[in-house]
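# Fold the following.
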Amino acid sequence: FQILKHATQYFSRSTPNLAMVIPAMDHIDTTFTNGILNADVLEPAIRAALKLAKKTLNRYYSLTDASETYRVAMVLHPQNKLQYFRNAGWETEWITTA
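You can find the predicted model right below:
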């Protein structure tokens with residue numbers, strides 16, 4: 001999977017901002033989930049590695065809940081606002097908290 005390489009390159013060479021972290025993590029999570037579910041193409045060992053990677057990603061994702069900075073950055077970003085959370089399927093309670 002090139003997704004981690006691409007994310008590293010993106011955050012290393014461009015001018016990243018905090019509002020891009022959660023969308024990037026969501027994209028990586030979706031890619032991992034699709035890989036885990038794709039039993040026809042990927043070997044069981046690769047899918048098992050993806051499950052572990054997803055678990056690690058989710059641990060870091062949950063750490064964003066401990067910092068209001070991520071949510072504030074997302075809400076204040078002109079492209080995101082609260083619509084990003086709605087589009088991502090967040091529960092209303094979570095959006096209200098954000």
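
# Pull out the buried positions in the helix or strand hosting Leu50.
In this assignment (DSSP states H and E), Leu50 forms part of helix 44-64. Buried positions in helix 44-64, judged by neighbour count with 16 or more other C-beta atoms under 10 Å: 47, 49-50, 53-54, 57, 61, 64. From N, CA and C alone the C-beta is placed, and that goes for glycine too.

# for stretch 25-42, same thing?
25, 28-29, 31-32, 35-36, 42.

# Show me which pair in the residues you listed is furthest apart.
Met25 and Leu42 (21.2 Å; C-beta to C-beta).

# how near is Asp65 to Trp94?
From Asp65 over to Trp94 the distance is 9 Å, taken as C-beta to C-beta, to the nearest Å.

# next one: Pro78
As judged by C-beta to C-beta, Pro78 and Trp94 stand 21 Å apart.

# Looking only at neighbour counts, state which of these two leads.
The neighbour comparison of Pro78 against Trp94 (other C-beta atoms under 10 Å) goes to Trp94, with 13 against 6.

# Report the secondary structure element holding the closest residue in space to the more buried one that isn't next to it in sequence.
Distances taken as C-beta to C-beta, 6 or more residues apart in numbering place Phe85 nearest to Trp94, at 7.0 Å, with adjacent residues excluded. Using DSSP H and E, Phe85 falls within helix 83-87.

# circling back: going by contacts, tell me the helices and strands next to the helix holding Leu50.
Judged by 3 or more C-beta pairs under 8 Å, 6 or more residues apart in numbering; DSSP states H and E, the packing partners of helix 44-64 are helix 21-37.

# Kind regards, and thank you for your time.
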